[in-house]
Every structure is written in structure tokens, then in C-alpha cells.
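Enquirer: here's my sequence, what's the structure:
(one chain, ligands or ions: 2)
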Amino acid sequence: MILGIETSCDETAAAIVTRAGEIGSNVVASQAELHAEFGGVVPEIASRRHLELVLPVVRRALDDAGTSLDEVELVAVTRGPGLVGALLVGVSAAKALAWSRRLPLAPVDHLDGHVASLYLEPHPFEPPFVCLLASGGHTSLLDVRSHSSTRVLGRTLDDAVGEAFDKGARLLGLGYPGGAAIDALAREGDPGAFEFPVARVPGLDFSFSGVKTSLLYAVRKLSAEELDRRRADLAASYQRALVRALVERTEAAAELIGAERVAVVGGVAANSELRASLPWARAAPLPLCTDNAAMIASAARWVEALPYPRYLALDAYASAA
Ligand code: KG4
Ligand code: ZN
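Expert: Ligands and ions are numbered 1, 2, ... in the order given. Predicted structure coming up:
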């Protein structure tokens, strides 16, 4: 049994996963409500809340899986990238738990974790494939050659696409985090109502800062009453532009390296229009798209674990190495 812990942003998560990739439990305590009034994650508040939640969440994950620490053989934890104060809470908890049982500890990269959400039972998707990783903090195209070898083909030069969803939702008065709210509202709108161009940067990189500005201008032109009436059209048109950019680049990446198989992971992989626009691609299972610890435990299966007590000096990192 592997105990996974994830605290890189505003979800406190713990999970039990077997070496074979079966999920015994997957507990996620979201802090979204706590940050909503600020319109985004407040790092200091996130750290404090992780501190309160991490042990109860771990306990719950053990209970849900019908197991105990006695049966855990490996502790896996997200080491980065993310909010460093938030990460440190998970890393410290993982160290303490592993140390108390003399267990090894596997430090996991959060992005490898998202990709490893595909490797879990009951329908694992195995490399090689091209992977679109689209989340609140990252947007990249990856050439996944094996469980432990990944090459970056392209990445966003500015905002992550989830950030573009969240900022768009804020402009539309939909609250935080707004990706799912835009997704829901877009179903009632006309995606052709507004023209929101997405910048085409060279190669396989992305850029999402401009499209957000064009939404801002469109919203400014409307009276409060017009905005109310056209909110769904704005959401649908904005989502269409973001999804088109993702789909175009993903198809280009697959063609460039001659990949026949494509996968989509990360919070934005939950988007219904994105999933429908890439019907031939494998999308991560919905509960495993947004941050969770099952994906971290999954990734740990291909990470060299540090034996007791070598990990006691382990540090977190805020941005990709
Ligand atoms: O992977 P994730 O939980 O956290 C990061 O590692 O960043 O992704 C969170 C992001 C947020 O920006 C959220 O708005 C977005 O995923 N998201 C969605 C949907 N569900 C979550 N975006 C578009 N459509 C959705 N249905
Ligand atoms: Zn994530």
C-alpha cells in the first residue's frame, strides 16, 4: 500500500493506492470556499488550513481504505511545484509519518502526478502518448515516452489555461474557482456570439493573457443589464476560444511527433467541451482531473524512494526545477 499526500495548492488530499494501481481511497478536502471571498488562493491561509486538515484527511484515507499505517509500505508526497508554504505542510506530515514507521518516502513532482492519474486502475492508459496537461497552474504539451521519461514539447508563455478560466469567470461575476462555472453556463450560450481570438505563438507554446483582455473589453462595453442577458453567450464564446487553442496545439503536437495516442490531464481536463472536442483522446477520469493524492501515489510507483532516514532533509520547491 502506498499512502499519497498532496498539499500543493488549495486542496488537502490523501489517498491509498496499491502497487498495482488500485485506488483504496481518495480523500480531497477543498479549501475553495475559504479563498472565494478573495477571488483566488491566499497562500498564507492555504498553509494554515492544510495544517489543520492534513492529519484528519490522512486518517480518513486510511479508514476509507479499511487499512492502517501498519499496512503502508511507502509514503508519497508532492514536493513541488506549488505554493511553498502549502507544500511544506504535506512534506512535513509525510516525513513525520514515514519516520514514525521507518518507512521509505517518495518525493513526487506534481506534474508527473497529473500524468500518472492515467495509470490507475480500472482503465490504465500506458505510454507512449502525447499529453496535454491543463490546470490552474500549468499548461503544457508533453511527449510521454515511458512512466519515468517525459519531454516538454510546449508550454504557456504567460497564464495557465485554468487561470484564464478563473479570471474569465471573475469578469463574468461567477465566483472562484470559475472553470466549472463557465463550463456549466456555456451550455446555455451561443459559442459564436462573440469573437475572442487566442494568440498564436510560434511552435507548440500557448499564450492566454490576450484572450482574457478581450473578454474584459467585451464585458466593459455592456451595461449591467446587457451583461446579465449575455453572460451565457460570453461564457460559451470565451470557452470556445480557450478550448480551440488547446485542441489545435494538441493536434499539432501529435502530428509533429507522429503520436497515435493522446491524453488530457489536469483540472481543465474536466471541461466538457474540451473532452468532447478530443473524442479520440483519453481524458483522465473526472475525479482524478483536479488535484488529488491518488495521482501522487500512482506516480510514486516510478520514483526512486528515499530510505529512512535520508528524507528528513528533504525540501519543497515552488517552481519546476
Ligand atoms: O489541476 P488543478 O486542480 O490545480 C492545479 O494544479 O492548478 O486545476 C484547477 C483548475 C482551476 O483553474 C479550475 O477552474 C479548472 O481547473 N477547472 C475547470 C473545470 N474544472 C476545474 N476548467 C474548465 N472546466 C471545468 N469543468
Ligand atoms: Zn494540479
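Enquirer: by mean pLDDT, point me to the weakest helix or strand of this structure.
Expert: helix 32-36 (a mean of 83; mean pLDDT, DSSP states H and E).
Enquirer: what parts of the stretch 1-150 of the chain come near ligand 1?
Expert: Cys9, Ser135, Gly136, Gly137 (C-beta under 6 Å from any ligand atom). All C-beta spots, glycine's among them, are computed from the backbone N, C-alpha and C.
Enquirer: ranges for the helices of the stretch 101-250 of the chain?
Expert: Applying DSSP state H, counting those that start in this stretch to the stretch 101-250 of the chain gives helices spanning 110-116, 161-171, 179-186, 209-220, 224-256.
Enquirer: next, the buried residues of the longest one.
Expert: Using 16 or more other C-beta atoms under 10 Å as the burial criterion, the residues of helix 224-256 that qualify are 227, 230-247, 249-251, 253-254.
Enquirer: can you name the residues bridging to Val75?
Expert: Going by DSSP bridges, Val75 is paired in beta bridges with Leu3, Leu105.
Enquirer: tell me where the model's unsure across the stretch 201-321 of the chain.
Expert: For the stretch 201-321 of the chain, the stretches flagged by pLDDT under 70 are 321.
Enquirer: show me what residue of it gets nearest to ligand 1.
Expert: Gly267 (2.1 Å; C-beta to the nearest ligand atom).
Enquirer: give me the number of residues near that residue?
Expert: Gly267 has 27 neighbouring residues, counting by other C-beta atoms under 10 Å.
Enquirer: what's the answer for Glu304, then?
Expert: Glu304 is flanked by 10 other residues according to other C-beta under 10 Å.
Enquirer: so it is in which element?
Expert: Using DSSP states H and E, Glu304 falls within no helix or strand.
Enquirer: so how far is Ala313 from it?
Expert: 16 Å (C-beta to C-beta, to the nearest Å).
Enquirer: who are the contact partners of Ala305?
Expert: Leu74, Pro104, Leu105, Ala106 (C-beta atoms under 8 Å, 6 or more residues apart in numbering).
Enquirer: which one of these is nearest Ala193?
Expert: Ranked by distance to Ala193 (C-beta to C-beta), the contacts of Ala305 are led by Ala106 at 48.4 Å.
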